[in-house]
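**Student:** sequence? don't have it. structure:
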């Protein structure tokens, strides 16, 4: 048995994920029935039974969303703890890149949380409207979530069973730092141009959210997410570590940096996801609730504030930029 | 429904029907206590080992022939010192000495008291010893476990070691090794190197192994390769490898326990499912009344899930606190032998209190997810009961 699979945190993580998967399976059958047989105006026994079963699906999804959110944090924490077992790895970056499944797995985890958030928003409005107008959409969305979870489960098994503890992996400095002169930034940008775009996109995003421009919110949010990722890894991160050569998205989640990474990435993904959910809900179903926009503005602003404050504090302390 | 009257009702209901949750809570506390105790012990030992490894030299060089560790010549020091980047090469003499019954043993560690020590803990120890008195005659420093053993066997002041030549060597106890050194010192005897060689039967020109430091840790891998190519029977161990080996060993021990725990947990989940189905069906009338006065299915679900969550939280807090007391205040009797082994000298170890986020969140996660998942379906099935049907 691989030594990775005997790690306590890996066991706890995999068992928790398996329990959630079984719950998803339990919820799948009624969902398929709803897709096929849902007729709101029917007075048949079957329709009443379906309405009751819809509650089970909703309860399960609510529960899974909450647990998956904590499991994402726990997953990052676990792979960070595994870095002692994988030669060459200094933080989660090395362990994630220990095989080809790591990065897609992380991507799927974020995607699933986003789609579940979409489902829960739709469900909220479905309950408010008296005729359950979104029941079919919701059920299709649940089936999509199920497919994503199946892929995630397969990736998870592939990932944890294929971490070779004898093969040396690259550490974060090798993965993000030593690029031999190549420009890692997207769209051929240089650092200054990227940072200008970072703040510009932030303002555009905020304005789009306040002025309720849905298409603009969607575009600017996605662009902001991409630019923010690169800005944090290649610019703001160096101020967190106070070292111009240390470029890593994961090290900032360690104790040495007061776990600030969880807040940085959490506020970014939270803010962008909620703004996207608001934009999608409005465009597809005509739903508009200001609370989503407010929360999104708050999260994105917290993210920008944290990033900026690291640079400002560093400048005031040392009198120079890195 | 506004939340405050809901919470008020929930609290009243929970206390009124606490008997329904009592058995579940007690079993939950027992399970969480057991799991937490094992994980606390394992993480505390890992922490202590990390500290003592941190104080050790970066490399250990051994000689291996036919898979067996054998003594190596002192001249190797000169060859090793010629390697660039290598510093502070020191000799180590150690070995197990089996007492008369041939079952219990002590680890004899011979150190050169006049030389600088590669291990920081030993350095502190040497500083605290009055060397003039210590080296004047055959003396030794003994760990707690060894001292107790010798006292019980009527050797309160010294011991007559039987050397491989068949002669007896009398060594007096000079003092005890301070407990703070680490958990490894329990069955340790520290004495001058020459004396240790005599008792362990090691030739004067030989030592057990060598330790060395490489201050630039970027060079560790390349220097390890260089040293390994110096002699055909040389084996180089780095501090990182040792850390990994210990990590694996304790992961394995607590991992096996965790697996057994999961089997117990699976049984408990089935019992929970049955029990909550029964308890809830006895509450059908209550649920029917609540539905009749206007509660929605969502409200009932919320009420019942809050109840379960309350049971989990109460059991978690009590279980973890009890485990903390058991492990760190009462020194975890019985369970500690699972980790340290009880076959050799008796140990009385004070574990360093270590409670990390990983351990706490693991316990909470595995328990909460399994518990709530098992009551989810019974909760739903009672919540969707038709009010009219329930009142019949």
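**Tutor:** Nice, thanks for sending it over. The structure displayed is predicted, hence computed values, not measured ones.

**Student:** Need the pLDDT of residue B:182.
**Tutor:** Residue B:182 carries a pLDDT value of 55.

**Student:** didn't residue B:71 look like it was pressed against residue B:204?
**Tutor:** No. Counting by C-beta atoms under 8 Å, residue B:204 is not a contact partner of residue B:71; they are 10.9 Å apart. Where you see a C-beta, it was placed from the backbone N, CA and C, and this is true even at glycine.

**Student:** neighbour-wise, which of the two wins?
**Tutor:** Between residue B:71 and residue B:204, counted using other C-beta atoms under 10 Å in any protein chain shown, the more crowded position is residue B:71 (19 against 10).

**Student:** Report the separation between that one and residue A:308.
**Tutor:** According to C-beta to C-beta, to the nearest Å, residue B:71 stands 63 Å off from residue A:308.

**Student:** Give me the distance from stretch B:42-60 to the chain's centre.
**Tutor:** Relative to the centre of its chain, stretch B:42-60 is centred 11 Å away, using C-alpha atoms, centre = their mean, to the nearest Å.

**Student:** can you tell me the helix or strand for the residue of the stretch 51-200 of chain A found nearest chain B?
**Tutor:** Nearest to chain B, among the residues of the stretch 51-200 of chain A, is residue A:52, at 4.1 Å (C-beta to the nearest C-beta). Using DSSP states H and E, residue A:52 sits in helix A:45-81.

**Student:** and whichever helix or strand comes after that helix, what does it pack onto?
**Tutor:** Counting by DSSP H and E, the element after helix A:45-81 in chain order, helix or strand, is helix A:92-96. Contact analysis of helix A:92-96 by 3 or more C-beta pairs under 8 Å, 6 or more residues apart in numbering or on different chains; DSSP states H and E lists helix A:45-81, helix A:102-128 as its packing neighbours.

**Student:** looking at these, which is closest to residue B:58?
**Tutor:** Closest of the helices and strands packed on helix A:92-96 to residue B:58 is helix A:45-81, at 23.0 Å (criterion: C-beta to C-beta).

**Student:** Now do the helices in chain A.
**Tutor:** A:8-37, A:45-81, A:92-96, A:102-128, A:135-161, A:172, A:191-210, A:214-231, A:237-241, A:260-285, A:290-318 (DSSP state H).

**Student:** Strands of chain B, start to end?
**Tutor:** B:59-65, B:68-70, B:72-73, B:87-98, B:105-111, B:139-142, B:158-162, B:168-176, B:188-192, B:206-207, B:209-213, B:234-238 (DSSP state E).

**Student:** neighbours of the residue of the stretch 51-200 of chain A closest to chain B, just the number please.
**Tutor:** For residue A:52, using other C-beta under 10 Å, the count is 17.

**Student:** State the distance from it to residue B:383.
**Tutor:** Between residue A:52 and residue B:383 the distance is 9 Å, computed by C-beta to C-beta.

**Student:** What parts of the stretch 251-392 of chain B come near chain A?
**Tutor:** B:251-252, B:254-256, B:258-259, B:262, B:297-298, B:301, B:305, B:357-358, B:361-362, B:365-366, B:369-370, B:372-373, B:376-377, B:379-380, B:383-384 (C-beta under 8 Å from any C-beta of the partner chain).

**Student:** what's near enough to touch the residue of the stretch 101-250 of chain B at minimum distance from chain A?
**Tutor:** The minimum distance from the stretch 101-250 of chain B to chain A, using C-beta to the nearest C-beta, falls at residue B:248 (5.0 Å). Residues in contact with residue B:248 (C-beta atoms under 8 Å, 6 or more residues apart in numbering or on different chains) are A:3, A:6, A:85.

**Student:** in the chain, which segments are predicted with low confidence?
**Tutor:** Since you didn't name a chain, this refers to chain A. Confidence mapping of chain A against pLDDT under 70 gives the ranges A:1, A:177-181.

**Student:** To clarify, I was referring to chain B.
**Tutor:** Ranges of chain B meeting pLDDT under 70: B:1-3, B:116-121, B:179-184, B:341-349, B:391-392.

**Student:** quick one, helices of it?
**Tutor:** Assignment of helices within chain B using DSSP H yields the ranges B:3-16, B:18-54, B:76-82, B:120-128, B:131-136, B:144-152, B:193-200, B:220-228, B:239-282, B:284-292, B:297-324, B:335-340, B:357-383, B:387-391.

**Student:** what sits up against the first one?
**Tutor:** Contact partners of helix B:3-16, identified using C-beta under 8 Å, 6+ apart, comprise B:21, B:299, B:302-303, B:306-307, B:310.

**Student:** Quick one: work out the angle between that helix and helix B:18-54.
**Tutor:** 100 degrees (axes from the mean of the first three to the mean of the last three C-alpha atoms, to 10 degrees).

**Student:** re earlier: may I see the ChimeraX selection of the buried members of the contacts of residue B:248?
**Tutor:** Burial among the contacts of residue B:248 is assessed by 16 or more other C-beta atoms under 10 Å in any protein chain shown; the matching ChimeraX selection reads:
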select /A:3,6,85
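
**Student:** Keep only the contacts of residue B:248 that also lie close to chain B.
**Tutor:** Counting by C-beta under 8 Å from any C-beta, the members of these near chain B are A:3, A:6, A:85.

**Student:** Contacts only, for the first one.
**Tutor:** Contacts for residue A:3 were tallied using C-beta under 8 Å, 6+ apart; they are A:85, A:165, B:248, B:251-252.

**Student:** want to throw the residues you listed into CSV with distance to residue B:45?
**Tutor:** CSV is the format used below for these (distance: C-beta to C-beta, whole Å):
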residue, distance to residue B:45
A:85, 17
A:165, 21
B:248, 13
B:251, 12
B:252, 13
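
**Student:** got the contact list for the residue in the stretch 51-200 of chain B that chain A sits nearest to?
**Tutor:** Going by C-beta to the nearest C-beta, chain A is nearest to residue B:53 of the stretch 51-200 of chain B, at 11.5 Å. Each residue near residue B:53 by C-beta under 8 Å, 6+ apart is listed here: B:239, B:242-243, B:246.

**Student:** My read is that residue A:175 contacts residue A:91, right?
**Tutor:** No. Assessed by C-beta under 8 Å, residue A:175 is found out of contact with residue A:91, at 10.2 Å.

**Student:** Overlap in contacts, those two.
**Tutor:** Shared contacts of residue A:175 and residue A:91, defined by C-beta under 8 Å, 6+ apart, comprise residue A:248.

**Student:** now what about stretch B:55-75, what contacts it?
**Tutor:** B:76, B:80, B:88, B:90-92, B:118-121, B:202-203, B:205-214, B:217, B:220, B:223-224, B:227, B:231, B:233-239, B:242.

**Student:** For burial, what's the neighbour tally of residue B:275?
**Tutor:** So residue B:275, with other C-beta under 10 Å, has 19 neighbours.

**Student:** can you check the one 3 residues further on too?
**Tutor:** A count of nearby residues for residue B:278, using other C-beta under 10 Å, gives 11.

**Student:** Report the separation between it and chain A.
**Tutor:** Here residue B:278 is placed at a distance of 19 Å from chain A (C-beta to the nearest C-beta, to the nearest Å).

**Student:** and the helices of chain A, which is most packed in?
**Tutor:** Each of those was scored by mean neighbour count; the highest is helix A:92-96, a mean of 27, by mean count of other C-beta atoms under 10 Å in any protein chain shown.

**Student:** Pop the domain breakdown of the chain in here.
**Tutor:** Here I'm looking at chain A. Chain A breaks down by automatic domain parsing into domains covering A:4-161, A:174-318.

**Student:** ah, no, chain B please
**Tutor:** Split into domains by automatic domain parsing, chain B comes to B:3-51+B:245-391, B:59-213.

**Student:** can you tell me which residues contact residue 226?
**Tutor:** You didn't pick a chain, so chain A it is. Listed by C-beta under 8 Å, 6+ apart, the contact set of residue A:226 reads residue A:186.

**Student:** Actually, chain B is the one I wanted.
**Tutor:** Contact analysis of residue B:226 by C-beta under 8 Å, 6+ apart lists residue B:83.

**Student:** Repeat that for residue A:111.
**Tutor:** By C-beta under 8 Å, 6+ apart, the contact list for residue A:111 reads residue A:148.

**Student:** can we see that at 10 Å?
**Tutor:** A:104, A:145, A:148, A:151-152, A:273 (C-beta atoms under 10 Å, 6 or more residues apart in numbering or on different chains).
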